[in-house]
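Asker: Let's see this in three dimensions:
(one chain, ligands or ions: 1)
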Amino acid sequence: MSLVYDSLARWSVAWSPLQVPALGLHVRGPAMLASQKDFNNAVSQVKLLKEDPGNEVKLKLYALYKQATEGPCNVPKPGMLDFINKTKWDAWNALGSLSKEAARQNYVDLVSRLSASSESPSPEAPAADRKQPESDSLVVTSEDGITTIRLNRPAKKNALTTQMYHDIIAALQAASKDESAITVLTGSGDYYCSGNDLTNFTHLPAGGLEEMARSAAALLRDFVNCFIDFPKPLVAVVNGPAVGISVTILGLFDVVYATDRASFHTPFSHLGQSPEGCSSYTFPKIMGSSKAAEMLLFGKKLTAQEACAQGLVTEVFPDGTFQKEVWARLKAYSKLPPNAMRISKQIIRNREKEKLHAVNAEESSVLRERWQSDECMNAIASFLSRKAKL
Ligand SMILES: CCCCC/C=C/C(=O)SCCNC(=O)CCNC(=O)[C@H](O)C(C)(C)COP(=O)(O)OP(=O)(O)OC[C@H]1O[C@@H](n2cnc3c(N)ncnc32)[C@H](O)[C@@H]1OP(=O)(O)O
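Answerer: Model prediction:
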């Protein structure tokens, strides 16, 4: 095996497809697909990496490059003894029918992550060195191969403030590069999360309601994109009731464990709003269109058992043993080979990414309009004046 790897290491010098003129890396907007120019820039950027990314990553780059430029692998499989070409062929062939555009996007994303980590003085920062969130409402820890992002506003049922969205984005970006194998989102106290903090809507900027809706839609899109693109196993430990956006993004997690005390509620129509978190796409896929409609149009609240029966939740645990059982299981999973888990996740998720980004963009733009509607304003005013509760 070492013969194969030694030879693979020498590919980087011999990779003729990567010999194109050096260009600066163009930074894309968060939800746009990579253009041919982005791709060319990424191809050039690979040669400027300060550190050798290792054979596994080089193989991945090779496969994505071939898929992006030539499409699915349809050349004959090299013979058993042609180790190098067979390994390259296997990597390319494993991408199956991934579209050229998606491969181009994945190539650009991968190079961008590699560039970022080779520029960072300490890419795998342990928790102690990690930049901590701006407020105490989010606590990020890393232990036993697990990075845990904990919503920590129990007095407000872990409702998400604008600052928390920014902090979660930063925490996910850091977790994608740290040395943990698994990332977990959970809550402190009796709630998992009561969704968007409705008082976010009361902080009107100078540009008024229109500007508030524009910047909230941009933030929502960036926030959801981070979940779509998150490269490692992402687990939700749902420690209590979940509302709104904390429910909709569950479709972007790999595994969802819930206490039997949890419930799942998306009261968008009650609030004059519409679905986000890609739920308009993931929920019908997960549970079928009529069950999804009951939740997303009529705001039907599911018990943990119902959510499990409908595929939104992986497993439900008795509340008394929930924490003990779930963390023991996660600790065992975190010892599995991290690269294998990442690659498996990539295979499972990548062909959906392009679609998910498009859904996220559309949902955010529809909500931008909704937030300026009378229906939405009245619902929020009603909650704030304590006339309405879910
Ligand atoms: C920029 C991105 C935008 C993304 C779009 C996201 C959309 C969504 O998430 S829509 C869902 C929004 N969430 C809600 O509508 C929930 C509103 N909250 C409630 O209905 C209730 O508080 C409850 C059912 C979640 C819990 O009820 P209860 O157990 O009776 O507890 P309290 O109501 O007394 O809550 C304690 C405390 O927390 C405050 N609070 C709870 N949730 C929110 C919230 N989402 N936003 C703001 N504040 C919330 C509540 O007001 C209480 O505060 P105090 O009165 O000051 O104690």
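Asker: need the helices for the stretch 151-300 of the chain, in chain order.
Answerer: Assignment of helices within the stretch 151-300 of the chain using DSSP state H, counting those that start in this stretch yields the ranges 162-177, 208-229, 245-248, 279-287, 289-296.
Asker: which residues are in contact with stretch 362-381?
Answerer: With contact meaning C-beta atoms under 8 Å, 6 or more residues apart in numbering, stretch 362-381 is reached by 198, 201, 209-210, 212-214, 216-218, 220-221, 224, 270-280, 388. Where C-beta positions appear, they are placed from N, C-alpha and C, glycine not excepted.
Asker: gap between the one residue in the stretch 101-250 of the chain that gets nearest to the ligand and Ala206?
Answerer: Residue nearest to the ligand within the stretch 101-250 of the chain: Gly244 (2.2 Å; C-beta to the nearest ligand atom). Per C-beta to C-beta, to the nearest Å, Gly244 is found 27 Å from Ala206.
Asker: higher neighbour count, these two?
Answerer: Gly244 (24 against 5; other C-beta atoms under 10 Å).
Asker: what's the nearest residue to the residue positioned nearest the centre of the chain if we skip its chain neighbours?
Answerer: Nearest to the mean C-alpha position of the chain, by C-alpha atoms, centre = their mean, lies Phe227 at 1.7 Å. Closest residue to Phe227 apart from its sequence neighbours, by C-beta to C-beta, 6 or more residues apart in numbering: Leu252 at 4.1 Å.
Asker: likewise Glu294?
Answerer: Nearest non-adjacent residue to Glu294 (C-beta to C-beta, 6+ apart): Lys300, at 4.3 Å.
Asker: Can you pull the phi/psi pair for the one you found?
Answerer: The phi/psi pair for Lys300 (degrees, to the nearest 10) reads phi -70, psi 130.
Asker: Thought Ala293 was touching it, still the case?
Answerer: No. Using C-beta atoms under 8 Å, Lys300 makes no contact with Ala293, being 9.2 Å away.
Asker: what sits against Ala340?
Answerer: Taking C-beta under 8 Å, 6+ apart as the definition, Ala340 has no contacts.
Asker: so where does it fall, helix or strand?
Answerer: Using DSSP states H and E, Ala340 sits within helix 338-370.
Asker: and after that helix, which helix or strand comes next?
Answerer: Downstream of helix 338-370, the first helix or strand assigned by DSSP H and E is helix 374-384.
Asker: and the angle from that next one to helix 208-229?
Answerer: Here helix 374-384 runs at an angle of 90 degrees relative to helix 208-229 (axes from the mean of the first three to the mean of the last three C-alpha atoms, to 10 degrees).
Asker: quick one: average pLDDT of helix 374-384?
Answerer: For helix 374-384, mean pLDDT rounds to 91.
Asker: ok, now stretch 276-284?
Answerer: 98.
Asker: Next: stretch 59-76.
Answerer: Mean pLDDT, stretch 59-76: 91.
Asker: Name the residues that touch that stretch?
Answerer: 8, 11, 15, 17-18, 39, 43, 46, 53, 87-89, 91-98, 100, 103-104, 106-107, 110-111, 343.
Asker: Those in helices, which ones?
Answerer: 8, 11, 39, 43, 46, 87-89, 91-93, 100, 103-104, 106-107, 110-111, 343 (DSSP state H).
Asker: Buried subset of those, written for PyMOL?
Answerer: For the buried members of those, the matching PyMOL selection, counting by 16 or more other C-beta atoms under 10 Å, is:
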select buried, resi 8+11+39+43+46+87+88+89+91+92+93+103+104+106+107+110+111
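Asker: The helix holding Ala340 and the ligand, are they touching?
Answerer: No. Judged by C-beta under 6 Å from any ligand atom, helix 338-370 makes no contact with the ligand; its nearest approach is 6.5 Å.
Asker: Run the angle between that helix and helix 279-287 for me.
Answerer: Angle, helix 338-370 to helix 279-287, by the same axes, to 10 degrees: 130 degrees.
Asker: So for helix 338-370, what gets flagged as buried?
Answerer: Buried-residue list, helix 338-370, by 16+ other C-beta under 10 Å: 338, 341-342, 345-346, 349-350, 352-354, 356-357, 359-361, 363-364, 366-368, 370.
Asker: Please apply the same query to stretch 171-184.
Answerer: So for stretch 171-184, counting by 16+ other C-beta under 10 Å, buried means 171-178, 180-184.
Asker: Rounded mean pLDDT for it, please.
Answerer: Per-residue scores along stretch 171-184 average to 97.
Asker: Export only the CA atoms of that stretch, formatted as CSV.
Answerer: This file holds the C-alpha atoms of stretch 171-184, laid out as CSV (Å, rounded to 0.1, in the frame of the first residue of the first chain):
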residue,chain,number,x,y,z
ALA,A,171,-18.9,28.2,15.3
LEU,A,172,-19.8,26.0,12.4
GLN,A,173,-17.0,27.4,10.3
ALA,A,174,-14.5,26.8,13.1
ALA,A,175,-15.9,23.3,13.7
SER,A,176,-15.5,22.4,10.1
LYS,A,177,-11.8,23.0,10.4
ASP,A,178,-11.0,21.8,13.9
GLU,A,179,-9.9,18.3,14.8
SER,A,180,-13.2,17.0,16.1
ALA,A,181,-14.9,14.1,14.2
ILE,A,182,-18.5,15.1,15.0
THR,A,183,-20.3,18.4,15.6
VAL,A,184,-23.4,18.6,17.8
